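> sequence and computational prediction follow.
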Amino acid sequence: MAAKKLEWSARSVSNLAAIKGYIADDNPIAAELVIKSILSTAENLPEFPMLGPIGQRPGIRELILAKYPYTIIYRLTVSKVFVVAVLHQSRKHRV
């Protein structure tokens, strides 16, 4: 079975930009490290799409990052992993 394709929603790309900007205000190096961690974690999803447990809504899975307080929220289809959002864990997930 071939790995699924990873696709990012416009919302998730905007989330990443906001996370990076917020952290970079205080520490640009830390901002880069957090974004790299989120991206590298997400890159595992096509090969291991069941990493994140089932989320609060049907069809959604939520992968909590171990090192940083962010959650990658995604949907699975037959051919892809679709990242819906990347949210800070203190925020309510409205996806």
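All right, it came through fine.

> for the rest of this, base every contact and every neighbour count on C-alpha atoms.
OK.

> and the spatially most central residue of the chain, what does it touch?
Of all residues in the chain, the one closest to the mean position by Cα atoms, centre = their mean is Ile72, 2.6 Å from it. With contact taken as Cα atoms under 8 Å, 6 or more residues apart in numbering, Ile72 is in contact with 38, 42, 62-65, 83-87.

> please apply the same query to Val13.
Contacts of Val13 (Cα under 8 Å, 6+ apart): Ala85.

> name the SS class of it, please.
Assigned with DSSP: H, G, I helix; E, B strand; the rest coil, Val13 falls in the helix class.

> can you check the one 3 residues further on too?
For Leu16, the assignment made with three-state DSSP gives helix.

> quick check: it touching Ser37?
No - using Cα atoms under 8 Å as the test, Leu16 is too far from Ser37 to be in contact (11.3 Å).

> which residues of the chain score low on pLDDT?
1-2, 91-95 (pLDDT under 70).

> so which residues of it form helices?
Assigned by DSSP state H, the helices in the chain fall at 10-24, 28-43.

> JSON lines for these, including distance to Pro58?
Below are those laid out as JSON lines (distance: least, Cα to Cα, whole Å):
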{"stretch": "helix 10-24", "distance to Pro58": "19"}
{"stretch": "helix 28-43", "distance to Pro58": "20"}
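
> among these, which is nearest Ala3?
Comparing those against Ala3 with Cα to Cα, the closest turns out to be helix 28-43 (10.9 Å).

> now the residue nearest to the centre of the chain, which residues is it bridged with?
Leu63, Val86 (DSSP bridges).

> just the one 4 residues further on next, same as before
Under the criterion DSSP bridges, Leu76 forms beta bridges with Val81.

> cool, and Trp8?
The partner list for Trp8 in beta bridges (DSSP bridges) reads Val83.
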